[in-house]
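Engineer: need coordinates for the below:
(chains A and B)
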Amino acid sequence: MQDPDMGVKMRNQRLLITVIPHAMTGNDVIEWLIQKYNITEEEARHLGGLLVQYGYIYPLRDPRSLLLRSDDSPYRFQTPYFWTSSRWPASELDYAIYLAKKNIRKQGELVDYEKENYSILHKRINHTWDFVVMQAREQLRASKQRRKADRIVLECQEQAYWLINKPCPGAFDVLDLGPERCNVLSSRVALIEHSRRALGRNRVKSSICLESFMKYSEQYLHHDPIMSGCLPSNPWISDDTSHWTINTDMVGTPTRLRVERWSFSFMELLNDSMGRREFMIYLEKEFSAENLCFWVACEDLRHGESSKIILKVEEVYKNFLAPGAARWVNIDSKTMERTLEGIKRPHRFIMDDAQMHIYFLMKKDSYPRYLKSELYKNMLAKAIVPQETKKSVFPFMRRQRHSSPSPAMVTQATEDDGKAKGAGPTGTSSTTNSQI
Amino acid sequence: DFLHICKQCFILWLREKQFSLFFCEVQPNETLTNLKAESDTLKTKLEDERAKLHDVELHQVAEKVDGLGQFIMKTRRTLKGHGNKVLCMDWCKDKRRIVSSSQDGKVIVWDAFTTNKEHAVTMPCTWVMACAYAPSGCAVACGGLDNKCSVYPLSLDKNENLAAKKKSVAMHTNYLSACSFTNSDMQILTSSGDGTCALWDVESGQLLQSFHGHTADVLCLDLAPSETGNTFVSGGCDKKANVWDMRSGQCIQSFETHESDINSVRYYPSGDAFASGSDDATCRLYDLRADREVAIYSKESIIFGASSVDFSLSGRLLFGGYNDYTINVWDVLKGTRVSILFGHENRVSTLRLSPDGTAFCTGSWDHTLRIWA
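Structural biologist: Residues are numbered from 1 along each chain as shown, chains lettered A, B, ... in the order given. Next comes the predicted model:
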């Protein structure tokens, strides 16, 4: 930005009666940012404003107000010596000398918080106070020998630096960075081992991977409320919660978009509790409902309490894996053998192999057939497409925003009824298991 | 009790491990040089392997896709109530409630739609950098400079003191930077300034799995939405984004292309990729099957770090909250910036899309949260 040819236009600016060299107007800064980065005026003002707040540019007129004005107010670039990045944290000694100089130069020049800081420092580093005063006097003497313009510039630079590093209490502190982050030792041995493993990976060609992003975005375009809006209206914009009420778990007739989404992937069908229910009904007709029940039970095992693992593994074995079990699942002999062996020392992942086998079985076989079934087609046919809410006649009249029952209350009620815990909006419910 | 002693032993072991690694480094010069040479060679080899299959750039593939038109999103709700910097937030599955945490130790549950506050807890520590809503909507988890992650069941009894029912679940040896429930209320995944991530059983407070591999503070994590649901990604101050297997604790993939701390990681909706936001003022997209970075979202006029990122429901848009108080909206496929949103008066520290994609929420150091739609 400071480049004499490509940088911000700099001229001599008049400050009261003194001419300050190499200064620019607020307007010039904004113009330059707009040109160079091809951004709007709003963004340029925002960015320029931040440069002032962080001390890289400072105002000559009204220096305590760290704003970038988009008029002919004069500004200068801060000298690198005083850049926040190079001289942080600020030293107490330097601050004491600065305040002493101000105090000596003109009594009453220090404002309230500066006076306070001055007396605090006086107490804290009292042992070097003679040095402080001596330094201050020396610096003042040296500056008297300079040209007036130079002296003003140096004073402004220093003042700008301290306004940022020791801001007025209550004012915005740009140097607040949050809790400290540190670095721990690195281990080359672990790095080498990791790199070796990574070399053996199977990778897929970029063209194939990237094509899938294209397809995914296209497929979900109409389901993305921010991209395509939502029907009847976005609750956050219209204050109308219809969009939520027509998409609840227990709604009688689902929306078309919702039913369509079940056909995007098996995961989408299972993630929607209504979709899962419908799929279960279909499987019952096909006499293969035990597969989904098994999958649900395995999910419950994987994500449930540690204390219930042994109990749940026993239940799963009894219901699904034991010879002659009521809902025996058909998994290949190798996986069955491995699983039965593992049950002797049960842990939460013991059913993973079997679960994955059944999952892919459903995905490859039952799921595609479900999508072609009458059950699904009927669902799709009777699914509703809500009407888009017309913009109200008086747009400035705000609708009343009603509260909704807290999920904590809903689940507490079901708990009181003696049903199993965890029957949240998408939680795996063990009640489905026992009912069928 | 026994479990508590186990936890303490783990912490001591962890410290010892770090010491032994330190001593491992302090070896005769030749061995150290050899190790460095070997790791550098392997790194180069890995880069070459990855480059072999990189036959096209994302924006090239995206040329045939329609560009996005004018983009208008506004603040639809402003949630005021925190007395200090908002550091983190999370949505409830009911699509309208949120939990937020701040520097002064307050954790608040809001109905963002009505802007009413429903619950409030004061933590015994400052800088509550992590908070999460349980999938059932019945509890929230939070933590920060106390090095712990605690779970508070949400009671509807106005007279009940939420703090009384607090349950301490996770224990790290440094600040808690992020936490997330897995598929149920029973397990929590945490990341910490001690350089590790960990999986905990909520009921017993037992450590189920720990994840070692980062060489600096871990700042963020996100769970994969995949079919088998067994992986998650974490980002840290070592500029690395690591993908982990939750079962084995192994780091299965690692990406190191950022030039500074990674503040936020988020999976692409399909689970095949993830985005990251960093102090180097860029956001990047990493494809897991291609095993490489496939896009960089940056602009010369953006010079402040990105603190938090999230995708829109279709994955076409990437929203980034930045330390210069703005939100930049990126076209994920074309790599261009679609829009810049102003409104916050200080850093945007957290950003998340609502569960049904109708809006996103931002939290800021200006003490407020905003809902954008």
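
Engineer: contacting residues for B:Leu313?
Structural biologist: B:Leu313 makes contact with A:Tyr220, A:His223, A:Asp224, A:Pro225, A:Ile226, A:Met227, B:Pro269, B:Leu353, B:Asp356, B:Gly357, according to CB atoms under 8 Å, 6 or more residues apart in numbering or on different chains. C-beta here means a position set from N, CA and C on the backbone, and glycine is covered the same way.

Engineer: dump those residues into TSV; add distance to A:Met214, neighbour count and secondary structure as well.
Structural biologist: Below are the contacts of B:Leu313 laid out as TSV (distance: CB to CB, whole Å; neighbours: other CB atoms under 10 Å in any protein chain shown; DSSP: H, G, I helix; E, B strand; the rest coil):
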residue	distance to A:Met214	neighbour count	secondary structure
A:Tyr220	12	22	helix
A:His223	16	19	helix
A:Asp224	15	21	coil
A:Pro225	21	25	helix
A:Ile226	19	24	helix
A:Met227	14	18	helix
B:Pro269	14	20	coil
B:Leu353	21	22	strand
B:Asp356	24	19	coil
B:Gly357	19	20	coil
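
Engineer: closest to B:Lys106 among those?
Structural biologist: For the contacts of B:Leu313, the minimum distance to B:Lys106 (CB to CB) is 23.9 Å, reached by B:Leu353.

Engineer: tell me the spacing between the closest one and chain A.
Structural biologist: Going from B:Leu353 to chain A by CB to the nearest CB, to the nearest Å gives 8 Å.

Engineer: one step back: going by distance to B:Ser150, which of the contacts of B:Leu313 wins?
Structural biologist: Of all the contacts of B:Leu313, B:Ser150 sits closest to B:Leu353, with 25.8 Å by CB to CB.

Engineer: so that closest one bridges to which residues?
Structural biologist: Assessed by DSSP bridges, B:Leu353 has beta-bridge partners B:Phe360.

Engineer: skipping adjacent residues, who's closest to the closest residue to chain A within the stretch 51-200 of chain B in space?
Structural biologist: Relative to chain A, the nearest point of the stretch 51-200 of chain B is B:Gly137 (2.6 Å; CB to the nearest CB). Leaving out its chain neighbours, the residue that sits closest to B:Gly137 by CB to CB, 6 or more residues apart in numbering or on different chains is A:Pro407, at 2.6 Å.

Engineer: got the contact list for B:Thr122?
Structural biologist: Residues near B:Thr122 by CB under 8 Å, 6+ apart: B:Gly105, B:Lys106, B:Val107, B:Ala163.

Engineer: by neighbours, which of the residues you listed wins?
Structural biologist: Scoring the contacts of B:Thr122 on neighbours with other CB atoms under 10 Å in any protein chain shown, the highest-scoring entry is B:Val107 at 25 neighbours.

Engineer: work out the gap between stretch A:102-116 and the centre of the chain.
Structural biologist: 44 Å (CA atoms, centre = their mean, to the nearest Å).

Engineer: which of the three states applies to the residue lying closest to A:Glu41 once chain neighbours are set aside?
Structural biologist: Distances taken as CB to CB, 6+ apart place A:Ile34 nearest to A:Glu41, at 6.2 Å, with adjacent residues excluded. Classification of A:Ile34 by DSSP: H, G, I helix; E, B strand; the rest coil places it in helix.

Engineer: run a quick neighbour tally on A:Ile34.
Structural biologist: A:Ile34 has 18 neighbours, counted by other CB under 10 Å.

Engineer: A:Thr40 is in contact with that one, correct?
Structural biologist: Yes - judged on CB atoms under 8 Å, A:Ile34 makes contact with A:Thr40 at a distance of 7.4 Å.

Engineer: list the contacts for A:Lys205?
Structural biologist: If a contact means CB under 8 Å, 6+ apart, then A:Lys205 has B:Leu53, B:Asp55, B:Ala290 as its contacts.

Engineer: quick check on the second one: phi, psi?
Structural biologist: It refers to B:Asp55. Backbone geometry at B:Asp55, expressed as degrees, to the nearest 10, gives phi -100, psi -10.

Engineer: same deal with A:Ser403?
Structural biologist: For A:Ser403, the backbone dihedrals (degrees, to the nearest 10) come out as phi -80, psi 160.

Engineer: wait, what's in contact with A:Ala381?
Structural biologist: By CB under 8 Å, 6+ apart, the contact set of A:Ala381 is empty.

Engineer: give the residue spans of chain A that score low on pLDDT.
Structural biologist: Low-confidence segments of chain A (pLDDT under 70): A:1-19, A:86-88, A:107-108, A:171-172, A:175, A:182-187, A:390-399, A:410-436.

Engineer: show me which residues of the stretch 1-150 of chain A sit near chain B.
Structural biologist: Proximity of the stretch 1-150 of chain A to chain B, by CB under 8 Å from any CB of the partner chain, involves residues A:Leu33, A:Lys36, A:Tyr37, A:Ile39, A:Glu42, A:Glu43, A:His46, A:Leu47, A:Leu50.

Engineer: hang on, the fourth one in a strand?
Structural biologist: So the one you mean is A:Ile39. No - applying three-state DSSP, one finds A:Ile39 to be coil, outside a strand.

Engineer: what's the neighbour count on it?
Structural biologist: Residues within reach of A:Ile39, counting by other CB under 10 Å, total 20.

Engineer: same question for the second one.
Structural biologist: Other residues near A:Lys36 come to 15 when the count uses other CB under 10 Å.

Engineer: for the first one, same thing?
Structural biologist: Close neighbours of A:Leu33, defined as other CB under 10 Å, add up to 23.

Engineer: not counting sequence-adjacent ones, nearest residue to it?
Structural biologist: Spatial nearest neighbour of A:Leu33, chain neighbours left out: A:Ala44 (4.0 Å); criterion: CB to CB, 6+ apart.

Engineer: just checking, that neighbour is part of a strand?
Structural biologist: No - going by three-state DSSP, the assignment for A:Ala44 is helix, not a strand.

Engineer: same for whichever strand in chain A runs longest, what does it pack against?
Structural biologist: For chain A, the longest strand by residue count, based on DSSP state E, is strand A:18-25. Packing partners of strand A:18-25 (3 or more CB pairs under 8 Å, 6 or more residues apart in numbering or on different chains; DSSP states H and E): strand A:11-15, strand A:74-77, helix A:148-165.
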